[in-house]
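>>> coordinates only, sequence not included:
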Ligand SMILES: *[C@@H]1O[C@H](CO)[C@@H](O)[C@H](O)[C@H]1NC(C)=O
Ligand SMILES: *[C@@H]1O[C@H](CO)[C@@H](O)[C@H](O)[C@H]1NC(C)=O
Ligand SMILES: *[C@@H]1O[C@H](CO)[C@@H](O)[C@H](O)[C@H]1NC(C)=O
Ligand SMILES: *[C@@H]1O[C@H](CO)[C@@H](O)[C@H](O)[C@H]1NC(C)=O
Ligand SMILES: *[C@@H]1O[C@H](CO)[C@@H](O)[C@H](O)[C@H]1NC(C)=O
């Protein structure tokens, strides 16, 4: 191993080579890094060292701190990430030809994976970042893009799609073509977080418009409110049903989905009240209480973490929970654990459980001490595109910690409970379950160490960001090479929101959405909605010992899990039949399966069958296998 004195010249040679190379070639993303480089070569220098393979842990011996790496990264990456987002918004974005105005594509990648679609969730989260920039005065030129976004969502809401028409399930459709037409191939649908996220983003935007007098009251009541209302009415009906989670892979209940639904209903209630929609406000408020009650059930008391995902046989340790905390952050709620605020004992305890599962499974993390940051992915069982670390999940960890620092700074104290003790002991082994005010040494040490830990996550992303600053979806778990979708809009937006959180800026979306001082109702009420009886008849010949079952894409049919499939009766053999209560006015898919005497499962061949239930009545199927 060369000493650090020798390392510097060794690294400088390739640095100069790269500068020369960059000078003579236009970078892929169309930016000219060289110009920026010459302006502040010194602050950029740590990034170049990182890209050349210098381990983050080595840089301090060269006199380069994590702070200086992160500050250099933020300075360099901010304009690139912002341009990266804008390039992916129609119709003027340079990388999304064919996208209608206000349509936000997930990524320009059209192959392996094909992401040239607009997802309701991603678009709402990216737009929240733009709304915050607009509302905080950082970039008022965004108004026209935001207006386009509003119009595009109004139009998308009305598109009939495989999840149903607008008023009966269609809002749960996760993604659309960029020309507004429905995507009709098989997919993990429905997903219930999109409408909630969109409603929250639009409410924040509308509050800003009203405050700045940038829009007439009639524009709000006639144009924006109907969009918000459709989404909130959807959340009212669907919050208590399973659906595909934010990673689109398993049908279950999902912490992220419930958390953002609670937020949307809660802020929706007070927004509705403010514009005189009293009846709607009462409905949203009741269901917000119910959703908040249900939200508590994700907490795993024994193992001290949030079980993000209750399906698919997973551990439930998932970026889902960190993302939920940062997207339901309300500065005014302090460190309240009822809404799992970023600095709440539960959210902090959960964060390190989530982070630590990636220490062993990614080679690039090996050997890094437990008090230091690492690259994180979606969840440990992930195999999608190889199941690598993601930029946006690693940035989310940093953001949650920055949010926590913001609140501690405002309240000038840190409260440690038994639940969060393990988190704080990691940084100070003498920490006790008590309150440390800002006058104590412990407060000073803890805030310094947590800041350093948080910065570490951005430094890890910096380490694996290519020199041109472009952000893909993932980077390789063994060598850190970017992979999967390139120029992922959400990677750029997640980096920008983490950067802003580091400055302790209080943004419109994080201010008084209603999380402050909430009480959990003593009894959790369900809201499963009306059902209709559906009789399934299938003509199927079987051999002795064989039985016919039905499974499909909803709770009553066992959500495609063969072990939860429903057995049909052979009383009218060869017609097998079952009558099940299924939600009214929904579309779903299903199949019949055979379970042999030996317990083997045989699926029906061909495409999935589908059915839409009416609002009342008693539909029957007459199928043949
Ligand atoms: C897109 O470009 C057109 C033509 O230059 C311009 O009129 C329009 O305002 C732009 N849209 C946005 C959202 O900036
Ligand atoms: C919209 O785009 C999709 C995918 O490119 C295409 O199949 C479809 O025909 C387009 N629809 C219209 C109305 O242009
Ligand atoms: C519906 O809410 C009840 C009460 O909180 C809860 O027990 C149940 O698990 C929820 N079901 C789903 C699918 O959300
Ligand atoms: C915290 O844990 C300690 C030791 O296990 C226990 O004695 C104490 O009662 C706990 N405090 C609370 C508030 O649960
Ligand atoms: C049926 O639906 C399931 C769950 O969405 C999906 O995995 C499967 O590919 C579908 N099958 C066909 C043949 O479309």
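Received it, and whenever you're ready, just let me know what you need. What you see is a predicted model, and the numbers here were worked out from it, not measured in a lab. Ligands and ions are numbered 1, 2, ... in the order given.

>>> secondary structure class for residue 590?
Three-state call for residue 590 (DSSP: H, G, I helix; E, B strand; the rest coil): strand.

>>> beta-bridge partners for it, please?
Beta-bridge partners for residue 590, by DSSP bridges, are residue 552, residue 609.

>>> quick one: contacts for it?
536, 550, 551, 552, 553, 557, 608, 609, 610, 611 (Cβ atoms under 8 Å, 6 or more residues apart in numbering). The C-beta positions use only the backbone N, C-alpha and C, and glycine is treated the same way.

>>> in the stretch 201-350 of the chain, what residue comes closest to ligand 1?
Ligand 1 sits closest to residue 205 of the stretch 201-350 of the chain, with a gap of 14.7 Å, by Cβ to the nearest ligand atom.

>>> roughly how far apart are that residue and ligand 5?
To ligand 5, residue 205 is 33 Å away according to Cβ to the nearest ligand atom, to the nearest Å.

>>> so who does the nearest residue to that residue once chain neighbours are set aside touch?
Spatial nearest neighbour of residue 205, chain neighbours left out: residue 131 (4.7 Å); criterion: Cβ to Cβ, 6 or more residues apart in numbering. Contacts for residue 131 (Cβ under 8 Å, 6+ apart) come out as 146, 201, 204, 205, 208, 508, 509.

>>> and the residue of the stretch 501-625 of the chain found nearest ligand 3, how many neighbours?
Ligand 3 sits closest to residue 524 of the stretch 501-625 of the chain, with a gap of 3.5 Å, by Cβ to the nearest ligand atom. Neighbourhood size, residue 524 [other Cβ atoms under 10 Å]: 16.

>>> once you drop chain neighbours, what's closest to whatever residue of the stretch 401-550 of the chain ends up closest to ligand 1?
Residue of the stretch 401-550 of the chain nearest ligand 1, by Cβ to the nearest ligand atom: residue 489 (15.6 Å). What sits nearest to residue 489 in space, not counting adjacent residues and going by Cβ to Cβ, 6+ apart, is residue 88, at 4.4 Å.

>>> quick one: the one you found and residue 486 touch, right?
No - with contact defined as Cβ atoms under 8 Å, residue 88 does not reach residue 486; the gap is 10.9 Å.

>>> who's in contact with residue 593?
Contact analysis of residue 593 by Cβ under 8 Å, 6+ apart lists 548, 549, 550, 551, 562, 565, 601, 602, 603, 604.

>>> actually residue 411, not the one I typed
Residue 411 makes contact with 334, 335, according to Cβ under 8 Å, 6+ apart.

>>> kindly report the same for the one 3 residues further on.
Applying Cβ under 8 Å, 6+ apart to residue 414 gives the contacts 408, 424, 435, 436, 442, 443, 446, 447.

>>> still on that earlier bit, now for residue 88 and residue 486: what residues contact both?
Contact criterion Cβ under 8 Å, 6+ apart; residues shared by residue 88 and residue 486: 107, 108.

>>> which one's more surrounded, the two?
Taking neighbours as other Cβ under 10 Å, residue 88 and residue 486 compare with residue 88 leading, 30 against 19.

>>> just how off-centre is stretch 144-155 within its chain?
Offset of stretch 144-155 from its chain centre (Cα atoms, centre = their mean, to the nearest Å): 21 Å.

>>> tell me how far residue 418 lies from residue 424.
Residue 418 is 11 Å from residue 424, where distance means Cβ to Cβ, to the nearest Å.

>>> so which of the two has more stuff around it?
Using other Cβ under 10 Å as the criterion, residue 418 and residue 424 rank with residue 424 on top: 24 against 10.

>>> what about the closest residue to the more buried one other than its chain neighbours, which SS state?
Closest residue in space to residue 424, ignoring its immediate chain neighbours: residue 431 at 4.1 Å, by Cβ to Cβ, 6+ apart. What three-state DSSP gives for residue 431 is coil.

>>> list buried residues within the contacts of residue 590.
Among those, those scoring as buried are 536, 550, 551, 552, 553, 557, 609 (criterion: 16 or more other Cβ atoms under 10 Å).

>>> and the helix or strand containing the second one, anywhere near ligand 5?
Under the assignment given by DSSP states H and E, the secondary-structure element containing residue 550 is strand 547-552. No - using Cβ under 6 Å from any ligand atom, no contact is recorded between strand 547-552 and ligand 5, whose separation bottoms out at 7.9 Å.

>>> ok so, going back, show the pLDDT at the residue nearest to residue 424.
pLDDT recorded at residue 431 is 98.

>>> how many residues are close by it?
A count of neighbours around residue 431, defined by other Cβ under 10 Å, yields 20.

>>> so it is in contact with residue 442, correct?
Yes - between residue 431 and residue 442 there is a contact under Cβ under 8 Å: 6.5 Å.

>>> what distance separates the start and the end of stretch 267-280?
By Cα to Cα, to the nearest Å, the extent of stretch 267-280 from end to end equals 12 Å.

>>> distance from that stretch to the middle of the chain?
Counting by Cα atoms, centre = their mean, stretch 267-280 comes out at 26 Å from the chain centroid.

>>> which residues touch the closest residue to ligand 3 within the stretch 251-400 of the chain?
Nearest residue of the stretch 251-400 of the chain to ligand 3: residue 294, at 3.7 Å (Cβ to the nearest ligand atom). Contacts for residue 294 (Cβ under 8 Å, 6+ apart) come out as 239, 240, 253, 258, 524.

>>> go through the helix or strand where it lies and flag the buried ones.
Secondary structure from DSSP H and E places residue 294 in helix 278-295. For helix 278-295, a neighbour-count test (16+ other Cβ under 10 Å) marks 280-281, 283-295 as buried.

>>> for stretch 249-263, same thing?
249-263.

>>> which ones among the residues you listed are found in helices?
255, 256, 257, 258, 259, 260, 261, 262, 263 (DSSP state H).

>>> wait, the last one touches residue 328, no?
Yes - between residue 263 and residue 328 there is a contact under Cβ under 8 Å: 4.7 Å.

>>> so what's the residue of the stretch 301-450 of the chain found nearest ligand 2 up against?
Nearest to ligand 2, among the residues of the stretch 301-450 of the chain, is residue 385, at 22.5 Å (Cβ to the nearest ligand atom). By Cβ under 8 Å, 6+ apart, the residues touching residue 385 are 113, 473, 474, 483, 484.

>>> that older thread, what sits against the residue nearest to residue 489?
If you count contacts by Cβ under 8 Å, 6+ apart, then residue 88 has 95, 96, 104, 105, 106, 107, 108, 487, 489 around it.

>>> which one (most neighbours) among the residues you listed?
Counting neighbours by other Cβ under 10 Å, residue 489 leads these with 33 neighbours.
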